[in-house]
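Undergrad: here is the input, now give the coordinates:
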Amino acid sequence: MDLNVIILAAGRGQRMASQLPKVLHPVAGQPMLARILKAVSGIYPKQVRVVVGPVGTIVSAVVGKFKALCFQQKETAWGTAQAVLTARPEEMTGDILIINGDHPLIHTYDLSQFIRSYHKISADCAVAGFKNSQPNEYGRMIFEGDQLVDIAEAYEVDKSQTKNDYVNAGIYIVKADLVQKYLKEVKKNVKEEYNLTDLISILHKKNYKVRPIDVPWHVAFGVNNQRELAIATSIAFENNCYKHLDNGVVIMDLKSAYIEDEVVIGKGSLLYPGVYLRGKTKIGAFCAIESNAYIFDSLVKNYVNVKAGSYIEGAVVGEKSVIGPYAHLRPETVIGEECRIGNFVETKKITMKNQSKASHLTYLGDAEIGKQVNIGCGAVTCNYGADKKKRKTKIGDKVFIGSGAQLVAPVEIGESAVVGAGSVITKNVPKQSLALERNDQKVIKNYKPKNKDE
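TA: The predicted model follows:
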C-alpha cells in the first residue's frame with residue numbers, strides 16, 4: 001500500500017525569539033527539518049509534502065535537498081488541520097503519515113516501528129503516545145476501553161483528566177480516504193484554530209478503529225524555545241558519541257565532544273575534550289585529535305596527530321602527518337604523508353607532497369610543494385596581486401626556503417634549490433641553485449636618535 005508523508009513545518013516559533021524559522025534552527029549541526037526529512041527518507045515513502053509558513057521560501061532550500069514538495073500555508077489559516085489540508089491530501093492514496101517538523105530526535109527506526117505496529121493492529125488510524133509524569137503542555141489521550149476516542153489539548157483538559165499521563169506524541173498515520181472525507185469536518189476551537197487532533201473524535205464517532213501506539217519519549221520531544229533546542233542538541237551529540245564509542249573510538253569527555261551525524265571515525269582514534277567534528281568529515285584509525293580542534297568536511301587519514309586549537313576545513317591530511325598546534329588548513333589543501341604543518345601556519349589551495357614541512361608562522365596559498373621541502377619561519381607565497389587575481393607558486397622536491405622569504409607568484413623554485421632567508425623572489429630559481437635577494441647592510445656608528453624637542 002502507498003505511504004505518503006506530510007510534515008507540518010508552518011509554525012511561527014515565536015517562543016524561539018529568533019528571526020530564523022523554527023524548523024531551520026540547528027540540532028547538532030543540522031536544521032531540525034533536515035533531521036526529520038532524513039528520518040522520513042529511510043522509510044521510502046511515495047511522496048513527502050512539507051507545509052511551510054509565510055517564510056516558506058527560506059525553508060524550501062532545505063526541503064529541495066530531499067526531493068520533497070513545499071506547500072505554503074496562508075498566513076490567515078491557523079491550526080494543524082488546516083495545515084494538512086494545505087498539503088492536498090485529496091491527491092494521495094494509501095496511508096498518510098503526519099509528523100511535526102520540530103521533533104528533531106526522531107530516527108528512521110522509530111518511524112518504521114510505528115508503521116509496522118499500525119499494520120499489525122489493522123487500525124484505520126493510529127496515534128503515537130507515551131507516558132509522561134509531567135504532561136504539562138502535551139495533549140492527553142482519552143480512552144474508552146482500548147479505543148482511543150479523543151485527544152484533549154492541554155488547555156482543554158478538565159479536572160477528570162489532570163492525572164492522565166498518557167500523552168500525544170504528535171505522530172499520526174491514517175488512511176488517506178478518511179482524511180479526505182472527514183478532515184474538513186473539524187471545527188474551530190476556542191483559540192480560533194482547526195486542530196488535527198479533533199479528527200480522532202470524528203473517526204471514533206464514525207465507528208472507525210483508532211488506536212494508540214507506544215513510542216519512546218524522544219520521539220515526542222518537540223522544540224518550542226531555545227532551551228529545548230539546547231537540550232535536543234546535547235542529546236543528539238551524546239547519542240553520536242555513544243555510536244562512536246561502540247565502534248572503538250576513545251573519547252575522553254562525552255560532555256565536550258561535538259560530533260555531527262555524518263562524521264566517520266576510525267577505530268582506536270582518540271578525541272580530547274573540546275573537539276568539534278562537522279559535516280562529512282572522515283577521521284582515520286589511530287589518530288589523535290587534541291583539544292579545541294575544529295574539523296569540517298575534511299579527510300584526515302590514519303595515524304595523524306591534529307594538535308590543539310587547529311582549524312581544518314575542506315582539506316585532506318595524509319597518513320602520519322602532524323598538524324598544529326593552532327594551524328589553519330583552508331579549503332582545497334592537500335597534505336601528503338609524514339608532513340608537518342606547525343603552529344600558526346595557514347594554507348589555502350595547496351598540495352604538499354610527502355615528508356615536507358612548514359613548522360611555524362607561515363602562509364602558503366595557491367602552491368604546489370614537492371617532497372621533502374623545508375619551509376622556514378615566516379615564509380610567504382605572495383599569491384594575490386593588485387589586479388585581484390590569484391597566481392601559483394611551484395616548489396620542487398628537496399627545496400629549502402629560508403625564514404622570512406617571500407615568493408612572489410607566479411614563480412617556480414627548482415628541485416634542491418635554496419632560497420636565502422629574507423629574500424624576495426620574483427623570478428624562477430633553477431634546480432640545485434642558491435637564490436638570494438638582499439640589499440647591502442648599512443651600519444651607522446655612534447648613532448643617536450634626534451630629540452623630539454630639537
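Undergrad: all contacts plus neighbour counts: C-alpha atoms, from now on.
TA: OK.
Undergrad: could you count how many residues lie near Phe130?
TA: Phe130 sits with 22 neighbouring residues when counted by other CA atoms under 10 Å.
Undergrad: give the bridge partners for it, please.
TA: Val167 (DSSP bridges).
Undergrad: residues touching it, list them.
TA: Phe130 is in contact with Tyr166, Val167, Asn168, Ala169, Asp214, Val215, Pro216, Trp217, Ala220, counting by CA atoms under 8 Å, 6 or more residues apart in numbering.
Undergrad: need these in TSV (columns: distance to Pro89 and pLDDT).
TA: Shown next, in TSV, are the contacts of Phe130 (distance: CA to CA, whole Å; pLDDT from 0 to 100):
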residue	distance to Pro89	pLDDT
Tyr166	29	87
Val167	26	88
Asn168	22	90
Ala169	22	91
Asp214	26	95
Val215	25	96
Pro216	28	94
Trp217	28	92
Ala220	24	91
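Undergrad: those residues, buried ones only, as a ChimeraX selection?
TA: Selecting only the buried entries of the contacts of Phe130 in ChimeraX, with 16 or more other CA atoms under 10 Å as the criterion:
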select :166,167,168,169,214,215,220
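Undergrad: so can I have a markdown table of the contacts of Phe130 showing distance to Pro104?
TA: Shown next, in a markdown table, are the contacts of Phe130 (distance: CA to CA, whole Å):
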| residue | distance to Pro104 |
| --- | --- |
| Tyr166 | 21 |
| Val167 | 18 |
| Asn168 | 16 |
| Ala169 | 13 |
| Asp214 | 18 |
| Val215 | 15 |
| Pro216 | 13 |
| Trp217 | 12 |
| Ala220 | 9 |
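Undergrad: residues touching Phe400, list them.
TA: Contacts of Phe400 (CA under 8 Å, 6+ apart): Val373, Asn374, Ile375, Gly376, Ser416, Ala417, Val418, Val419.
Undergrad: please report how far it lies from Thr426.
TA: Separation of Phe400 from Thr426 (CA to CA, to the nearest Å) stands at 16 Å.
Undergrad: before we move on, what about Asp2?
TA: Distance from Asp2 to Thr426, by CA to CA: 68 Å.
Undergrad: so which of those two has more stuff around it?
TA: Ranked by neighbour count (other CA under 10 Å), Asp2 and Thr426 place Thr426 first, with 15 against 12.
Undergrad: I figured the more buried one hits Val408, correct?
TA: Yes - using CA atoms under 8 Å, Thr426 makes contact with Val408 at a distance of 5.1 Å.
Undergrad: ok, Gly336 to Glu185 distance?
TA: Counting by CA to CA - Gly336 and Glu185 are separated by 67 Å.
Undergrad: please identify which of those two sits among more neighbours.
TA: Gly336 (23 against 12).
Undergrad: I figured the more buried one was touching Val317, is that so?
TA: Yes - Gly336 is within contact range of Val317, at 6.3 Å (criterion: CA under 8 Å).
Undergrad: per-residue confidence at Asp158?
TA: pLDDT recorded at Asp158 is 68.
Undergrad: sketch out the low-pLDDT regions of this protein for me.
TA: 75-77, 158-163, 452-454 (pLDDT under 70).
Undergrad: determine the longest helix present in it.
TA: Using DSSP state H, we find that the single longest helix of the chain is helix 226-246.
Undergrad: chain center to it: distance?
TA: 12 Å (CA atoms, centre = their mean, to the nearest Å).
Undergrad: in it, what counts as buried?
TA: Quick answer for helix 226-246 (16+ other CA under 10 Å): 229, 232-241, 244-245.
Undergrad: quick check: the farthest pair among the residues you listed?
TA: The span of the buried residues of helix 226-246, defined through CA to CA, is set by Leu229 and Leu245 at 24.4 Å.
Undergrad: which residues does Pro348 contact?
TA: One thing to correct before we go on: residue 348 is Lys, not Pro. Leu329, Arg330, Pro331, Glu332, Thr333, Leu364, Gly365, Asp366.
Undergrad: phi and psi next, for the second one.
TA: Right, Arg330. Phi and psi for Arg330, reported as degrees, to the nearest 10, are phi -90, psi 170.
Undergrad: that one is in contact with Ile350, isn't it?
TA: No - with contact defined as CA under 8 Å, Arg330 does not count as touching Ile350 (9.2 Å).
Undergrad: the more surrounded of these two?
TA: Between Arg330 and Ile350, Ile350 has the larger neighbour count (other CA under 10 Å), namely 23 against 20.
Undergrad: bridge partners for that one, pull those for me.
TA: Ile350 forms beta bridges with Ala367, as assigned by DSSP bridges.
Undergrad: ditto for Ile341
TA: Ile323, Ala358.
Undergrad: next structured bit after the helix or strand containing Arg35?
TA: Secondary structure from DSSP states H and E places Arg35 in helix 32-41. Sequence-wise, the next helix or strand downstream of helix 32-41 (DSSP H and E) is strand 47-52.
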